[in-house]
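K.L.:
sequence plus the predicted model coming up.
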Amino acid sequence: MKFFVDTADIKEIAEMNDTGLLDGVTTNPSLIMKSGRDIMEVTKEICDLVEGPVSAEVTATEYADMMKEAAVLAKIADNICIKLPLTMDGLKACKALTSDGHKTNVTLCFSANQALLAAKAGATFVSPFIGRLDDMAVDGMDLIADIRIIYDNYDFKTEILAASIRTVDHVKQAALIGADVVTAPPATLKALVKHPLTDKGLAAFLADWAKTGQSIT
Ligand code: E4P
C-alpha cells in the first residue's frame, strides 16, 4: 500500500518525507487555503521535495477551463498529478489528459458508479472520500470494498486512493480491503506507529540493558 500525505504544509511534508515511507502528496483548494501560500509556489516546493505524484487540483468547473488550468499545473513539475472533480466535465478532462500522458486523480468520489466512470476515463487514481461518507452515517469502507470488486472484475488499472481518512482504523480497513493508496493528514500517518505496549516494552528493555553496564558501540 502506498502512503500519501494529505496536506500543503511544507514542514509536515518534509518531516514525513524524511522517514522514507512517503509515496506522494495530495492537496486540494481547502488545503492550499489553510497553508496560506500561493498555489504555484507551494506546489513547486512540494514537487521538488517529494519524488512521487503530487496531486494539484483544478478549480474550473467547465472542460475547456479545466484543460487550461491543467496545462498550467502540469508545467510545475514532472510529478504533478492533475486532480479533477468527479463531474462529467472532470471525466472528459481526465480522459483527454490521461490520453496525453498526464497522471490524473479524480476526486470527490462518493459512489461505485462514479468510480466506474473514473476508471473508464482512464484515471491514474480515483479518490473515494471515506470520512465524509461516515459523517453522513454511511459506511465509507463499503464504498472502497465495492470499488475494489468492480476494478478487479474488469482489471481496471486505476488505483484506489482512499481519501478523507480520519482515523488509524480507516487506514487498517482500507489496507484489509486492498485499497492501493491511502492519503491521510500528517497526524494520522504519525499515529500509525503508536502502541502503548511498544512504549512499555521498550522502556523495560532499556532499563534492563542499563543494568548490564554494556554498550554495543
Ligand atoms: C483527498 O485528496 C482530499 O484532499 C482529502 O482526503 C479530503 O479529506 P477531508 O474530507 O478530511 O477534507
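P.N.:
Yes, it's here. Numbers count the residues shown, from 1 in each chain.
K.L.:
contact partners of stretch 138-157?
P.N.:
Residues outside stretch 138-157 that contact it (C-beta atoms under 8 Å, 6 or more residues apart in numbering) are 109-112, 115-116, 119, 126, 128-134, 158, 160, 162, 164, 170, 173-174, 177-179. Bear in mind the C-beta positions are built from the backbone N, C-alpha and C, glycine included.
K.L.:
try it again at 6 Å.
P.N.:
For stretch 138-157, the external contacting residues (C-beta atoms under 6 Å, 6 or more residues apart in numbering) are 112, 115-116, 119, 128, 130, 133-134, 160, 162, 173-174, 177-179.
K.L.:
narrow those to those in strands?
P.N.:
Here DSSP state E is the test, and the contacts of stretch 138-157 give 128, 160, 162 as lying in strands.
K.L.:
now the contacts of stretch 138-157: which count as buried?
P.N.:
Buried members of the contacts of stretch 138-157, counted by 16 or more other C-beta atoms under 10 Å: 112, 115-116, 119, 128, 130, 133-134, 160, 162, 173-174, 177, 179.
K.L.:
any idea how far the residue most central in space within the chain lies from residue 63?
P.N.:
In the chain, the residue lying closest to the centroid (C-alpha atoms, centre = their mean) is residue 183, at 3.0 Å. The gap separating residue 183 from residue 63 is 26 Å, by C-beta to C-beta, to the nearest Å.
K.L.:
number of nearby residues for residue 16?
P.N.:
Close neighbours of residue 16, defined as other C-beta atoms under 10 Å, add up to 22.
K.L.:
close to the ligand, is the helix or strand containing the residue nearest to the centre of the chain?
P.N.:
Residue 183 belongs to strand 181-184 when assigned by DSSP states H and E. Yes. Contact of strand 181-184 with the ligand (C-beta under 6 Å from any ligand atom) involves residue 183.
K.L.:
partner strands of that strand, with direction?
P.N.:
Its sheet considered, strand 181-184 pairs with strand 2-6 (parallel), strand 159-162 (parallel) by DSSP bridges.
K.L.:
ok, longest helix in the chain?
P.N.:
Across the chain, the longest stretch assigned as helix under DSSP state H is helix 196-212.
K.L.:
and that helix, which residues are buried?
P.N.:
By neighbour count with 16+ other C-beta under 10 Å, helix 196-212 contains no buried residues.
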